[in-house]
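Engineer: test case, fold it:
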Amino acid sequence: MNEENKVITPNETPETTVEDTNAENTVSALNETADTAVENTKENASEQVADDKKGKKGKKNKPKKNKEKGSFKAFLKSRKARHGSLAIVIVAVVVAIVIVLNVICGLLVDRFPDLKLDLTANQSFALQDDTIDYVSHLNKDVTLYVLMPENEVENQGTYFIQAKNLLDKIKSNSNGKIDLKYIDLTSNPTFTSNYPNVDWSSESGNNYFMLVECGKQYRALKVEDCFEYDETTYSYYGQYQFTGTTIEQAVVTAILNVTADDKVVVDMIKGNNEQDYSAIKTLLENNAYEVNEISLVTQDIDDDAEFIMIYAPSVDLDESAVEKISDWLDNDGKYGRTLIYVPCDEKVDTPNIDAFLDQWGMQVDDGYVFETNTDYLISGSTPYAFITDYSDYYKDNLKNSKIPVVVSYAHDIIIKDSEMAHSLLTTSDKAGVQPYDYDENWNYEDAMTGEPLNIAAEGVKTNNDEKSSRVVVLGSPSMLNETVMSYNSYNNSAYFMNVVNTIADKDDNGITIESKSLESAELGVTDVTTQSVMIVIFVVILPAAILIAGLIVWLRRRNR
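Structural biologist: Presented below is the predicted three-dimensional model:
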């Protein structure tokens, strides 16, 4: 009987053939390599059958040998290998991309410093809009010299790194008008000889941080000009403990000064027991004004001065001083000059000054202005400290006229001749004047007229050529106090500079830039309930959610 038609009865034991053995081995191989692709399994099985037909009988270990030879190749073709290799390739590509992007970003940031992201709470590494606007419109070439090697600046600490970043951004925003260089004075000792007006002696010279130059004009900046520091620590130990960076203001101020062609001259009148006006002097100098100090007892007012200022004198001017001021304002009928007068905040008898102001249509009232409108009062202060309203004069050029000017213990400036004088700053219509010598019978309601009072006013005289001389009276010395002018929430310094710049016909408004501190900012949550809720969210719920999500992903992958 043909072997293909052979029948096996139930009592017979079937012979084991090579084909049967191969079949068993094939099934075993399939079970052991369950992840192997189906096409590879069929190919191996067909090869085994072909070998059996050629007479390779009895070699039961052959399939195992084939399996060993093809296992690595099969693994490479398996789904596990394909997925694993793909993952490795993806990871390698991502890592390579990250490295390349990091290198590219580093090069771009070095070339364009403004690409650096500033994530600090108060934008400590970002320039203010005033600075960007100013340096981007420069029409002269300016060089900034940092008087130490670049790597040494970075080694001086966090605030120096911050300063270096700000300098880089100032240069970047100048449209090529500002050049930044680092000078090692040790290896370049002849550098200082080019700037003879700077005190390079060992005591002072070691304290300079920068030098700003434009053409033949230059200005040296000391460490204390560019950084804030703890003065107590410095006085005790002679060492700086820096608390902030003021380099942005210092550099802009220096650029203003070295790029000015003809500085406007301001004479500060002294010799009448006036109050400290150093803050005003600094503000004017920072905005490229040349400020001189003169005594009318022994000196005359400079012919080239466009402004004179008398700040809170506690002694009246004598008649000769008043005459000098009047003649100077008249300017032989050519006018074009301005006096800024700030009366003392204490009771002072000034009959000569009063008579002079009367000629300009104004009078300073005795007593202190009080404000009863709560919308004008400063939170937590007395009725004598309040904000004011702007009149139509010197308001248009303010960068932000919504920010008010604040005053305290101010005087009312009475307009006696409305054709000559007008108001600049006013109270609400619920203000009044408390006399110096009021008694217990005085009633504040009787002092309220229902009309706004004038905290600042201006008298103007104009000739036939439309040239004008002015007398500006500011009724509150405190409005020009150094501390008050440093507050960005008030417009005191900006308003004062806007008045001066407008009268001087200067295009650039005053630039006031606050210092930058790197101290960590707190969230400021003080409510106990809110604190508890935030603790539960960030300490319990959020970590638990992340843990649960991780377990779910792990279990799903494990059972796949």
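Engineer: per the record, what domains does the chain have?
Structural biologist: 14-77, 118-245, 264-364+412-426+453-504, 522-553 (automatic domain parsing).
Engineer: and among those, the most buried is which?
Structural biologist: Counting by mean count of other Cβ atoms under 10 Å, domain 264-364+412-426+453-504 has the highest mean neighbour count of the domains of the chain, with a mean of 18. Heads up, the C-betas are built off the backbone N, CA and C, glycines and all.
Engineer: residues in contact with stretch 262-273?
Structural biologist: Residues outside stretch 262-273 that contact it (Cβ atoms under 8 Å, 6 or more residues apart in numbering): 257, 277, 280-281, 284, 288-297, 301-302, 304-311, 313-317, 321, 504, 506.
Engineer: dump the residue contacts of residue 89.
Structural biologist: Residue 89 touches nothing, counting by Cβ under 8 Å, 6+ apart.
Engineer: residue 544 falls within a helix, correct?
Structural biologist: Yes. Under DSSP: H, G, I helix; E, B strand; the rest coil, residue 544 falls within a helix.
Engineer: could you check how far it is from residue 550?
Structural biologist: 11 Å (Cβ to Cβ, to the nearest Å).
Engineer: quick check: neighbours shared by those two?
Structural biologist: With Cβ under 8 Å, 6+ apart, residue 544 and residue 550 have no common neighbours.
Engineer: which stretch among the domains of the chain comes nearest residue 442?
Structural biologist: Closest to residue 442 of the domains of the chain is domain 264-364+412-426+453-504 (Cβ to Cβ; 15.8 Å).
Engineer: so how far does the closest one reach from one end to the other?
Structural biologist: Chord length of domain 264-364+412-426+453-504, first to last residue, is 8 Å (Cα to Cα, to the nearest Å).
Engineer: again, but for stretch 458-474
Structural biologist: Span of stretch 458-474 from end to end, Cα to Cα: 9 Å.
Engineer: going forward, count from 48.
Structural biologist: Renumbered: residue one is now 48, and that last one reads stretch 505-521.
Engineer: for residue 94, give me the pLDDT.
Structural biologist: Per-residue confidence (pLDDT) for residue 94: 51.
Engineer: now the one 3 residues further on
Structural biologist: Among the per-residue scores, residue 97 shows a pLDDT of 51.
Engineer: cool, and residue 144?
Structural biologist: pLDDT, read off for residue 144, is 86.
Engineer: wasn't it part of a helix?
Structural biologist: Yes. Counting by three-state DSSP, residue 144 is part of a helix.
Engineer: burial measure for it, as a count.
Structural biologist: Residue 144 has 10 neighbours, counted by other Cβ atoms under 10 Å.
Engineer: which ones among the contacts of stretch 309-320 lie within helices?
Structural biologist: 304, 327, 328, 331, 368, 551 (DSSP state H).
Engineer: please name the nearest non-neighbouring residue to residue 524.
Structural biologist: Nearest residue to residue 524 in three dimensions, chain neighbours excluded: residue 359, at 4.3 Å (Cβ to Cβ, 6 or more residues apart in numbering).
Engineer: picking up where we left off before, and the ones in helices among the contacts of stretch 309-320 as a markdown table, adding distance to residue 246 and pLDDT?
Structural biologist: Converted to a markdown table, these look like this (distance: Cβ to Cβ, whole Å; pLDDT from 0 to 100):
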| residue | distance to residue 246 | pLDDT |
| --- | --- | --- |
| 304 | 17 | 86 |
| 327 | 25 | 93 |
| 328 | 20 | 92 |
| 331 | 23 | 90 |
| 368 | 35 | 93 |
| 551 | 31 | 91 |
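Engineer: want to throw those into TSV with distance to residue 378?
Structural biologist: Below are the ones in helices among the contacts of stretch 309-320 laid out as TSV (distance: Cβ to Cβ, whole Å):
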residue	distance to residue 378
304	27
327	24
328	24
331	21
368	17
551	15
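Engineer: how far does the host helix or strand of residue 594 sit from its chain's centre?
Structural biologist: Per DSSP states H and E: residue 594 is located in helix 589-605. Chain-centre distance of helix 589-605: 42 Å, with Cα atoms, centre = their mean, to the nearest Å.
Engineer: circling back: mean pLDDT lowest where, among the domains of the chain?
Structural biologist: Minimum mean pLDDT among the domains of the chain: domain 61-124, a mean of 49.
Engineer: ok, the closest residue to residue 378 other than its chain neighbours to residue 476 distance?
Structural biologist: Excluding its sequence neighbours, the residue lying closest to residue 378 (Cβ to Cβ, 6+ apart) is residue 384, at 5.5 Å. Plainly put, residue 384 is 35 Å away from residue 476 if you go by Cβ to Cβ.
Engineer: please apply the same query to residue 269.
Structural biologist: From residue 269 to residue 476 the distance is 49 Å (Cβ to Cβ).
Engineer: closest to residue 490 out of the ones in helices among the contacts of stretch 309-320?
Structural biologist: residue 327 (37.3 Å).
Engineer: quick check, that closest one in contact with residue 524.
Structural biologist: No. Between residue 327 and residue 524 there is no contact under Cβ atoms under 8 Å: 10.1 Å.
Engineer: which residues do those two both contact?
Structural biologist: residue 358.
Engineer: tell me where the stretch 298-447 of the chain has strands.
Structural biologist: In the stretch 298-447 of the chain, the strands defined using DSSP state E, counting those that start in this stretch lie at 311-317, 336-342, 352-358, 385-389, 409-411, 415-418, 432-434, 436-437.
Engineer: contacts for the third one?
Structural biologist: With contacts defined as Cβ under 8 Å, 6+ apart, strand 352-358 is touched by 311-316, 319, 321-322, 324, 327, 336, 339, 348, 364, 372, 375, 383-389, 524, 527, 547, 550-551.
Engineer: extract the C-alpha set from it and format it as PDB.
Structural biologist: Output of strand 352-358 as PDB, limited to C-alpha atoms (Å, rounded to 0.1, in the frame of the first residue of the first chain):
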ATOM      1  CA  ALA A 352      21.600 130.700  33.500                       C
ATOM      2  CA  GLU A 353      18.100 130.100  32.300                       C
ATOM      3  CA  PHE A 354      16.800 129.100  35.700                       C
ATOM      4  CA  ILE A 355      17.300 130.100  39.300                       C
ATOM      5  CA  MET A 356      15.800 128.300  42.200                       C
ATOM      6  CA  ILE A 357      15.200 129.300  45.800                       C
ATOM      7  CA  TYR A 358      14.200 126.300  47.900                       C
END
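Engineer: and the residue lying closest to residue 542 once chain neighbours are set aside, how many neighbours does it have?
Structural biologist: Take residue 542 and drop its neighbours on the chain: the residue closest to it by Cβ to Cβ, 6+ apart is residue 452, 5.1 Å away. Residue crowding around residue 452 was assessed by other Cβ under 10 Å; the count is 24.
Engineer: buried ones in stretch 484-500?
Structural biologist: Residues 494, 495, 499, 500 are the ones in stretch 484-500 that count as buried (16 or more other Cβ atoms under 10 Å).
Engineer: endpoint to endpoint, that stretch covers what distance?
Structural biologist: 20 Å.
Engineer: go on, stretch 319-339?
Structural biologist: End-to-end distance (Cα to Cα), stretch 319-339: 16 Å.
Engineer: show me the strands in the stretch 98-247 of the chain, by range?
Structural biologist: With DSSP E, counting those that start in this stretch as the criterion, the stretch 98-247 of the chain has strands spanning 189-193, 225-229.
Engineer: turn those into TSV, including distance to residue 213.
Structural biologist: Below are the strands of the stretch 98-247 of the chain laid out as TSV (distance: least, Cβ to Cβ, whole Å):
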stretch	distance to residue 213
strand 189-193	11
strand 225-229	11
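Engineer: quick one, which of the ones you listed is nearest to residue 137?
Structural biologist: That would be strand 225-229 among the strands of the stretch 98-247 of the chain, by Cβ to Cβ, at 43.0 Å.
Engineer: show me what that closest one is packed against.
Structural biologist: strand 189-193, helix 205-219 (3 or more Cβ pairs under 8 Å, 6 or more residues apart in numbering; DSSP states H and E).
Engineer: need those in JSON lines (columns: distance to residue 148).
Structural biologist: Rendered in JSON lines, the data for the helices and strands packed on strand 225-229 read as follows (distance: least, Cβ to Cβ, whole Å):
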{"stretch": "strand 189-193", "distance to residue 148": "31"}
{"stretch": "helix 205-219", "distance to residue 148": "21"}
